[in-house]
Every structure is written in C-alpha cells, then in structure tokens.
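> got a predicted structure plus its sequence, pasted below:
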Amino acid sequence: MYIAPRREVPLRATGATPSMIPASLGFGEGAPRTRVETGWTLHLRQLPPSWVPTSGHVTAAVVSFLALRTLPFQRRAGNRRTSGERSGVAACAIHGLQLRLPAGSTVYLTGVSQELEGEPCEVVSFDRSGRWLVRFLHPRFRGRTALVPEQCLQFGYSVRPEHARSNPSTSSAVLVETARSGRGLQASRAFTAGSVVFKELPFLLTANDVNEVCRAYFNMRASGRKESTQGVEVEAFESLSAGDGFSAQARARVQAQAAEVWQAMTYGRAQEPEASELQNLTGALLRWEANRFLQQVSPNAEPNIYAVYSLVSRLNHSCAPTVRLRQVFRPLQPGFQVPDDGTCLVQADRDLEPGDALVVNYGLPELLEWPVEQRREYLLQRNGFCCQCPRCLSEAGEDVSQRGKEYLPMSARCAL
Ligand SMILES: C[S@@+](CC[C@H](N)C(=O)[O-])C[C@H]1O[C@@H](n2cnc3c(N)ncnc32)[C@H](O)[C@@H]1O
C-alpha cells in the first residue's frame, strides 16, 4: 500500500459507494470510510482469504480500489505491537533522503488521510523509489505494511537492546564515584588530544516528547518480562542516574508531566493516578532528562532526537571539559552529508593521563566563557542541577579544599 500525502478524493469519483468498502480493510472501527487516497494500490493475489469478494458489493469495492493506480499492498502474518528489534528486523540505521532511522523505530504517520493520521508504525526499510516501508503496529492492520513518503513520518522512539550494557566498563574508561556529581568516568590510560577515547551507539532514542519517552519506557519494561530479551535495556536504563542532583523545581515539573501523561494514557478515566505507577513514570522521565544527549538524525536542524547510552550517559558536566562528543557524518551526494549510524565518538579535548576525569560541556560552547553565576543558572534551568565542577567550586569560592579531589574514585577520596 502506498500512502500518499494528504490529497483526498471522494470515493464517489471512482464509482464505488462508502458501503462497498470492506471493513476488513482495517481503517478502524467507526472510522469514516467515505474517502480514499489517490495512489493506493491493492494486489488482489495479496489480499488475505477473508477479503475474497463474496458479494457483488464487495467485488465492486475491490474492483474500484484496483481501478485506482497504486502500489502493492503487502500483508504480513501476526499482530505485533513491538518494535522491529524484537521481531528480528536488523536493528541497523537506515538512511532515507534526509533522515536516518534505526530499523524497528516507532514512527507516526503525519500529513496523510484523516483515517491514518497519527497511526503508529514500525520502520522496516527504505525503498529505492524514495519512500519508507513501514509496518502498522495496531492489530487491526494485521501486520500489514505501507510505503510512505519521508515527509509523512514522525519519529517516536527506538529501543535497541543490543546496545545496552548493564556493566558499562571499557578498556578506555572506568566508572567511579565522585564527591559531588554522583558517578562519573575516568580515563583508564593515556590519550593524546584529538584521539577517540571510546565510541558507543545509544540503546534508547526518543523524540523530544514525554509521551514517547513513557511509551519507550513501557516498551522496555514489557521486554524485561520476556525471558528471550532478559530486559538488558531496562537494567541499563535503571542503572543510570536517577537525577538525584535535580532541583526541587525540576522534580516538581517532571512530576507534573508524568501526571499529565498518566491522565492521557488512561483517557482521563483514572481520577487519581496510581501512586506507584506515577512514581515509576516520574522516575523514568527524570532518568531520561538526566541522561539524554542530543543526536542529529538529519542535516537540517529538525528533527533531532535524544539518545541515551550505557556509557556516554555516565559523563558528567564540567566547565573545564576534557572530552567532547562528536557524531560522524558521511556524504550522501556531493555537498550533502547525512549523519552516519548514530555512533557517538568521545574525543579527547586535551592530552589525558590515566585517572583524569572524562567530563564534557553539556551546554553551548560559549558557556565556557561565561562567569560562574551565569553558567550555573543556565545549567540549573536547562539541566536541572547546580554545577559542582571544580572550576565552579573554585570560582564561587566554595569548598576549595575539595579542589582536585572531585573526580577521584570514592575509595581513593576517602583515603585522602
Ligand atoms: C548524564 S548523568 C552523568 C552521570 C551521573 N553523575 C551518574 O551518577 O550516573 C547527569 C547527572 O549527573 C549529575 N551531574 C553531572 N555533572 C554534574 C556537575 N558538574 N555538577 C553536579 N552534578 C552533575 C547531575 O545529577 C546530572 O543530572
């Protein structure tokens, strides 16, 4: 099935009447069936047995659909609502015209017919003719697929358990307890300026939308209950910082967001959100906010998405950073670069010794030029915590005795 951008034509024009469209086409219970898209195609041989016309009316409807010039309407077995990674679709990044999406990502149709607007689908592949092949996730579509122009896809989220590590140590970096910023990373050997300390793919990608974050969270939790996947991504997610350094104001904002999502999810039926579930959602949103990093999926500014990693998400902020994050781009055609597979490179900003803190600037590059009050205010507003990096402590005249000890492992710090 080819889904064209919104351009509706009354079905009457084809000679069929609304009642002739078989309900099994799956446009949803009670959905208006008075319009079809130009450009839809049905291949009769691919229709499921239940669609074999049994009455003159249905025959007329099917024939009128075939009369419209269209592309193959494929049907896959099984009703699945889970993402592609779990169904064996290779979870690699797929490049479209301007967009890179991991296979199995949950996307939503947008700018299409009223019946299909907002319909959740999973990404299968990119078609040579320049369209994305997606599979409908709602059971009423029975796993059917459709070809969709790139501009009609809106990214939701993607969970990639194969990139989740519950034990995030590498040969280049070790996880340590810091004095004032929770856990952090240290170089485990020397690196020269500009070299790559480590690189990593994210295990969670989401649109900048709390609803999508909650959907991804429930998706991860559901997978955690399956023995086959063992829930490594839930484990990895839950082992990340729970945003302990967040201000009371930031916490209150996130809690209000969680309550709103809960209301929307229960269609306002739940008068009082269940305390434990609300707590879970608040925790998930706090974790997401505390550990997300922006990732570019298109050379244009939008749409950019947030990525959560097992190791990169352990990097603390410092106003005297030692590493920077880079994404690799590759030329698709002369003068047109696309982001590569989404790998995040952690690159040394200066020569590093073993034991040096691996810390990054969470903010704008110019943040490093600002006075301490402005830097702290920015990080408090944008990242929810008051910066405790050695530079801020020193410039604010706070606890100077701790200078230099900030990023030592807890055991070493206690021994000092
Ligand atoms: C991406 S996580 C970094 C890893 C985290 N420290 C942990 O324990 O897993 C970001 C969180 O670490 C803390 N953090 C990072 N840099 C900080 C800093 N310079 N000052 C205070 N807290 C910081 C904040 O709580 C922030 O929300």
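Sure thing, it's come through. Residues are numbered from 1 along each chain as shown.
> and the helices in the protein?
56-67, 210-224, 232-238, 248-265, 275-291, 372-383, 390-395, 410-415 (DSSP state H).
> okay, those helices in CSV with distance to residue 100 next?
Quick note: C-beta positions are derived from backbone N, CA and C, even for glycine. Listed next are the helices of the chain as CSV, based on distance: least, CB to CB, whole Å:
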stretch, distance to residue 100
helix 56-67, 34
helix 210-224, 18
helix 232-238, 21
helix 248-265, 27
helix 275-291, 21
helix 372-383, 26
helix 390-395, 36
helix 410-415, 39
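> could the ones you listed be laid out in JSON lines, adding mean pLDDT?
Below are those laid out as JSON lines (pLDDT from 0 to 100):
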{"stretch": "helix 56-67", "mean pLDDT": "32"}
{"stretch": "helix 210-224", "mean pLDDT": "89"}
{"stretch": "helix 232-238", "mean pLDDT": "91"}
{"stretch": "helix 248-265", "mean pLDDT": "89"}
{"stretch": "helix 275-291", "mean pLDDT": "91"}
{"stretch": "helix 372-383", "mean pLDDT": "94"}
{"stretch": "helix 390-395", "mean pLDDT": "94"}
{"stretch": "helix 410-415", "mean pLDDT": "29"}
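> how about the ones you listed, which one is nearest the ligand?
Smallest distance to the ligand across those (CB to the nearest ligand atom): 3.6 Å, for helix 275-291.
> related to what we said a few turns ago, which among the helices of the chain is found nearest to residue 3?
Shortest separation from residue 3 across the helices of the chain is recorded for helix 56-67, at 14.0 Å, computed as CB to CB.
> now the helices of the chain in TSV, with mean neighbour count and distance to the ligand?
Output for the helices of the chain, formatted as TSV (neighbours: other CB atoms under 10 Å; distance: least, CB to the nearest ligand atom, whole Å):
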stretch	mean neighbour count	distance to the ligand
helix 56-67	17	52
helix 210-224	20	15
helix 232-238	22	12
helix 248-265	16	9
helix 275-291	19	4
helix 372-383	16	6
helix 390-395	19	7
helix 410-415	11	12
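> so which bits of this structure are right by the ligand?
Counting by CB under 6 Å from any ligand atom, the residues of the chain lying close to the ligand are 180-184, 240-241, 243-245, 290-291, 313-314, 316-318, 385, 387-389.
> got a quick PyMOL command for the buried subset of the residues you listed?
Selection of buried members from the residues of the chain next to the ligand for PyMOL, criterion 16 or more other CB atoms under 10 Å:
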select buried, resi 180+181+182+183+184+240+241+243+245+290+291+313+314+316+317+318+385+387+388+389
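> just the ones of the residues of the chain next to the ligand in strands?
The strands, defined by DSSP state E, take in 183, 184, 316, 317 from the residues of the chain next to the ligand.
> closest to residue 117 out of these?
Closest approach between those and residue 117, by CB to CB: residue 317, at 39.8 Å.
> in the sheet, who's paired with the closest one?
Taking DSSP bridges as the rule, residue 317 bridges to residue 360.
> please tell me how far residue 247 sits from the ligand.
Distance, residue 247 to the ligand, using CB to the nearest ligand atom, to the nearest Å: 10 Å.
> contacting residues for that residue?
For residue 247, the contact set (CB atoms under 8 Å, 6 or more residues apart in numbering) comprises 380, 384, 385, 386.
> now the ones in strands among the residues of the chain next to the ligand in JSON lines, with distance to residue 205?
Shown next, in JSON lines, are those (distance: CB to CB, whole Å):
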{"residue": "183", "distance to residue 205": "23"}
{"residue": "184", "distance to residue 205": "24"}
{"residue": "316", "distance to residue 205": "22"}
{"residue": "317", "distance to residue 205": "21"}
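> which of those sit farthest apart?
Farthest pair in these (CB to CB) is 183 and 317. Separation: 13.2 Å.
> tell me, how many residues neighbour the closest residue to residue 346 other than its chain neighbours?
The shortest distance from residue 346 to any residue other than its chain neighbours is 4.7 Å, reached at residue 197 (CB to CB, 6 or more residues apart in numbering). Neighbour count of residue 197, defined by other CB atoms under 10 Å: 20.
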